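>>> after the sequence you'll find the predicted model.
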Amino acid sequence: MRQKRGVVVVGAVTIFAIFTVLLLVTFSALSFVLARTDADRADRAAQTTAAYYAADAAAWERVDEAAALLADDPASAAQRFTGGQLVLADGRATVTLQTPVCDALTLYSEVELLLQDGYVASMHTVRWQCAPAQE
Amino acid sequence: MTERTLLRAMRGAAQTGKDLPDRKSRLFLIEFIAALAVFCVAAAVCTGLLAVSCKQSRSTAALDGAAFACASCADSFKAAGGDAAACAALCGGAADGETARVWYDADWTVCAEADAVYTLTAQAEGGALRKAAICVTDARETVLFELTAAVYAPQGGVR
């Protein structure tokens, strides 16, 4: 009488292992690439944010410098002001600045300073805009 | 049965192919062990890769949150005209003189100091030109993000 033998499939384990390893490698590589891309994007965004606020602070420093020059001697303030434009007319001083944020962006700002007795009594921000540097 | 008889019987079996299932089992075992070894190596490498990705994702989320919190505080500082106490009130934190502090939990929600995972500190200074050095640190006091905010506030106020 013939005995029924157990079937041992040689090769099935290899196929299953290859498939599993392929899945593992694909998904782990995908997750790694996505994490790296996301990290790069976050780094760039953080750098741009920091650069924008640095440019913003630098622009306000220039406005403060213009106000100090106006308080010192309004007649010669426009000539002494460098790195921007200072125009005096009708008791108002207009400060126009271009502060680079990064390679591609520039902060364009224009501030009106209302003068009283040589001092800045109030101010009005006409323009405070971050735009491409080619403008 | 003597040793010689046993050897003769085995040779005979090998010649007639009766040990074929044994050979197949042995081959299957070798294949199984090899596949298992390859799987273990791949799993170890991939687990490492996944761990690195997970860590990087967490630090990215922390950087995103820190940058957002800093920018939000900078705008609050500007809106408050450079006043640290008003800035802290706008952000939901507390002020101590010229220093404003805001505490955040792991999900970047404003919380009490005791539950804080991240701490935002804004150190204000200056006269008409008010400046604030804003930074966010984690529980290990590592600086995640920092920026400088400035606002010009002449005595007459801002129109």
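Thanks, I have it. Numbering: from 1, shown residues only, chains lettered A, B, ... in the order given.

>>> the bottom helix or strand of chain A by mean pLDDT?
helix A:74-80 (a mean of 84; mean pLDDT, DSSP states H and E).

>>> so which elements touch the longest helix along chain B?
Criterion DSSP state H: the longest helix present in chain B is helix B:20-79. On a contact count with 3 or more CB pairs under 8 Å, 6 or more residues apart in numbering or on different chains; DSSP states H and E, helix B:20-79 meets helix A:12-72, helix B:84-91, strand B:99-104, strand B:118-125, strand B:129-137, strand B:143-152. Heads up, the C-betas are built off the backbone N, CA and C, glycines and all.

>>> that helix versus strand B:143-152: what angle between them?
20 degrees (axes from the mean of the first three to the mean of the last three CA atoms, to 10 degrees).

>>> other residues contacting the lengthiest strand in chain A?
Counting residues, the longest strand found in chain A (DSSP state E) is strand A:119-132. For strand A:119-132, contacts defined as CB atoms under 8 Å, 6 or more residues apart in numbering or on different chains pick out A:52, A:55, A:59, A:63, A:67, A:70-71, A:93-94, A:101, A:104-115, B:128, B:152, B:154-159.

>>> mind listing what the residue nearest to residue B:52 when sequence neighbours are not counted touches?
Using CB to CB, 6 or more residues apart in numbering or on different chains and skipping the chain neighbours, the partner closest in space to residue B:52 is residue A:32 (6.6 Å). Neighbour list for residue A:32: B:49, B:50, B:52, B:53 [criterion: CB under 8 Å, 6+ apart].

>>> same deal with residue A:55?
A:99, A:100, A:101, A:107, A:130 are the contacts of residue A:55 under CB under 8 Å, 6+ apart.

>>> and it, what's its pLDDT?
What the model reports as pLDDT for residue A:55 is 95.

>>> got it, and residue B:119?
Listed pLDDT for residue B:119 reads 96.
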